[in-house]
Structures are given as structure tokens and as C-alpha cells.
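# Turn this into a model:
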Amino acid sequence: MEYEAQRKEKREADRNGAGVGEIRERTSRAGGPGGQNVNRRETRVEVFAEIIDSELLEKLRERFPGSVNEMGEFSVVSSETRSQAQNKAIAYERFWQRIAAVREEPKDRIPTKPKRSAKEERLYRKRRTAEKKELRKPIRER
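Prediction:
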């Protein structure tokens, strides 16, 4: 019980100031691995929340268009395992990973030049290929 309370506190702490509204979860029957178990138990877990921050919502729509609905809710689904608890953990982890991924600013690319040795190697291979093709032509055209 104590571990569950700590996890709940962590989720609350992650959510505070994150531009994410109340997180809800929905379970349903899943296909996939699990045999008869998946036909009888609700092991598929969908975690979704309303995105309050409009900038975050736009970034999520751009990066994960199929995961944001018209009401501005971002959702993540997991049905990989036979266990509802494991699927719930996977779904929450994915949810927060995707939120964090969208928040990260991409690094500016530093343009680089190919090294001289790489240029020389490319030109050498190019000459060899040209010579090889030249030798394939009939003698009269050379």
C-alpha cells in the first residue's frame, strides 16, 4: 500500500505545473497475447488527460496526431501484457515520456564538412566506377 501511495504522489508531482489536467484511465478487453485470459479480463489500459497548456497541445498534435482528439485530450494505450497492472504502468510511463519528449527543445545542428580523406575516397571510387563502365562499352565508341 505504501508503494502505491508513493507512486500516486509522484504522479501528482509530475502533473503539477505540467499543463496537464486530471489523468483518467479506462480499461477494456484486449486482443493479442494472453490466451483465454484476454477474452475474460479487461487488460487493455488507456490513459488520457485533457491538455490545458495550448502550446503543449499544439506540439502533441504535431508530433502524435493520432493520440490527440478534438476535445484536446491526449491518450496513450497499452495492451502488450496479460496483466492490467503491467499495462497500466507501461501506459503511464509512455504518457509521461511523450509529454517530456514534446517539451524538449531540439538541439541546433552544427554543420560539418566532410574530411579531405573522405572526399578523396569518394572521388577515387567515382573514378573507378567510371573506368569500369567505360570498359563495358564497345571498342569503337571508346
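
# the helices in the protein, which residues?
Using DSSP state H, the helices of the chain run over 2-15, 36-40, 54-63, 84-103, 116-136.

# Next, the angle helix 54-63 makes with the fourth one.
Here helix 84-103 points in a direction 100 degrees away from that of helix 54-63 (axes from the mean of the first three to the mean of the last three C-alpha atoms, to 10 degrees).

# Distance of residue 87 relative to residue 37?
In this view, residue 87 and residue 37 are 12 Å apart by C-beta to C-beta, to the nearest Å. The way it works is simple: take the backbone N, C-alpha and C, and place the C-beta from them, glycine included.

# tell me, what's touching those two both at once?
With C-beta atoms under 8 Å, 6 or more residues apart in numbering applied, the overlap between the contact sets of residue 87 and residue 37 consists of residue 43.

# the more surrounded of the two?
Remark: of residue 87 and residue 37, residue 87 carries more neighbours, 24 against 12, as counted by other C-beta atoms under 10 Å.
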